[in-house]
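Undergrad: give the three-dimensional model of this entry:
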Amino acid sequence: MRVLGLDHLLFAAGLAGLGVLSLFSGDFAFVWQPVPAWVPWRESLAHVSGVLLLAGGIGMLVKPTARTSALVMTIYMLSWVLLLQAPRAVQAPLNVGSWMGFAENSWLTCGGWILFVSLAGPGDRLSLKFAGGMRIARFLFAVSCLELGLSHFVYAEGTASMVPAWLPDRLGFAYLTGAGHFAAGVAILFAIFPRLAATMEAIMISLFVLLVHLPGVASEPASRLKWTMLFVATALAGSAWAIARSLRDASWGWARTPPEASSAVRAES
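TA: Residues are numbered from 1 along each chain as shown. Sure, this is the predicted structure:
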């Protein structure tokens, strides 16, 4: 069982941080908003969500509970996609903003999925079934990259406002990072330098954490929004690194053979 890779650490820390925010605010994390006001026992459920995220994040960092916690977090992320984000996106299919929550939550689901598989022991049947769906996870991740890339162009001014003031041409950086997301999605989707694309995407998200979100929290330490953005970006970075690691059997160039196939060949030899 592999525990505490960079992807694993970032993903767990990001989710645990979101759990702490939910417990202190008595509300669901912004990444899962708006949760309808009519939901009964809304504040109590928000606290339950916070406990689950905090326990799941910490549990992923403890070897005996890491695998189970990764599975629970994956199912939890998927439930948000299916119950909240997908219906909202379907109701406004041409609204890019309505798809952003779907993309971020799908991205997190894919990261949890791959981390669960990576934590499997020998002969683990459930993990082997999940491993059979790795291609689906990478497909969803690629589609999420396309959506996030498109949002950088549609909401360019808002994206530019988050670029550090010391960088020149902030609007240009908004377009550049949007193009980076989009290029990564296309590359992974069509197996065009997929390992390189996933690695570059992970590096870009990690740089967002270091250059945008950490300074943002430092400048406004009392802002729940800034902390939320930091923890979400951290978990997204962990997911991106997990996707990149899942492609370690692929060539750095054009992927002629799926990673699953090369792994099977190696296992039989």
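Undergrad: so where's the stretch 51-200 of the chain uncertain?
TA: Within the stretch 51-200 of the chain, the segments meeting pLDDT under 70 span 121-132.
Undergrad: what do you get if the cut-off is 80, keeping everything else the same?
TA: By pLDDT under 80, the low-scoring segments of the stretch 51-200 of the chain are 120-133.
Undergrad: where do the strands sit along it?
TA: Taking DSSP state E, counting those that start in this stretch, the stretch 51-200 of the chain contains no strands at all.
Undergrad: in it, which spans are helices?
TA: 63-80, 86-91, 96-118, 125-131, 134-154, 156-161, 170-189, 194-208 (DSSP state H, counting those that start in this stretch).
Undergrad: does Leu45 lie in a helix or a strand, and which?
TA: Per DSSP states H and E, Leu45 falls inside helix 42-59.
Undergrad: quick one on the thing from earlier: pick the most deeply packed of the helices of the stretch 51-200 of the chain.
TA: Across those, the average number of neighbours (mean count of other Cβ atoms under 10 Å) peaks for helix 96-118, which reaches a mean of 24. C-beta coordinates here come from the backbone N, C-alpha and C atoms, glycine included.
Undergrad: now it against helix 134-154, angle please.
TA: For helix 96-118 against helix 134-154, the angle by axes from the mean of the first three to the mean of the last three Cα atoms, to 10 degrees is 150 degrees.
Undergrad: contact partners for Met100?
TA: For Met100, the contact set (Cβ atoms under 8 Å, 6 or more residues apart in numbering) comprises 147-148, 151.
Undergrad: and Ala12, how far is that from Leu119?
TA: Separation of Ala12 from Leu119 (Cβ to Cβ, to the nearest Å) stands at 11 Å.
Undergrad: ok, these two, which is more surrounded?
TA: Per other Cβ atoms under 10 Å, whichever of Ala12 and Leu119 has more neighbours is Ala12, with 28 against 21.
Undergrad: wait, the more buried one sits on Leu61?
TA: Yes - between Ala12 and Leu61 there is a contact at 5.2 Å, judged by Cβ atoms under 8 Å.
Undergrad: returning to that earlier point: nearest to Ser223, of the helices of the stretch 51-200 of the chain?
TA: Closest to Ser223 of the helices of the stretch 51-200 of the chain, according to Cβ to Cβ: helix 156-161, at 14.3 Å.
Undergrad: tell me how far that closest one lies from the chain's centre.
TA: Centroid separation between helix 156-161 and its chain, computed with Cα atoms, centre = their mean, to the nearest Å, is 21 Å.
Undergrad: which strands or helices does that helix pack on?
TA: When contacts are defined as 3 or more Cβ pairs under 8 Å, 6 or more residues apart in numbering; DSSP states H and E, helix 156-161 sits against helix 170-189.
Undergrad: packing partners of the helix it packs on?
TA: helix 134-154, helix 156-161, helix 194-208.
Undergrad: make JSON lines from these and add distance to His181 to it.
TA: Below are these laid out as JSON lines (distance: least, Cβ to Cβ, whole Å):
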{"stretch": "helix 134-154", "distance to His181": "3"}
{"stretch": "helix 156-161", "distance to His181": "11"}
{"stretch": "helix 194-208", "distance to His181": "7"}
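Undergrad: so for Gly111, which of those helices sits nearest?
TA: Ranking those by proximity to Gly111 (Cβ to Cβ) places helix 134-154 first, at 8.0 Å.
Undergrad: need the contact partners of stretch 7-18.
TA: Residues from elsewhere that reach stretch 7-18 (Cβ under 8 Å, 6+ apart): 2, 29, 31, 50, 53-54, 56-58, 60-61, 66, 69, 73, 108, 111-112, 115, 118, 202, 206, 227-228, 230-242, 244-245.
Undergrad: in PyMOL, how would I select just the buried ones from the residues you listed?
TA: Command for PyMOL that selects the buried part of these, burial taken from 16 or more other Cβ atoms under 10 Å:
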select buried, resi 29+31+50+53+54+56+57+58+60+61+66+69+73+108+111+112+115+118+202+206+227+228+230+231+232+233+234+235+236+237+238+239+240+241+242+244+245
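Undergrad: touching, Ala89 and Gly97? I think so.
TA: No - using Cβ under 8 Å, Ala89 makes no contact with Gly97, being 9.7 Å away.
Undergrad: distance of the closest residue to Leu71 other than its chain neighbours from Ala137?
TA: With Cβ to Cβ, 6 or more residues apart in numbering as the criterion, Leu71 has its nearest non-adjacent residue at 5.0 Å, and that residue is Phe116. Using Cβ to Cβ, Phe116 is found at 10 Å from Ala137.
Undergrad: please consider this matter closed, and thank you.
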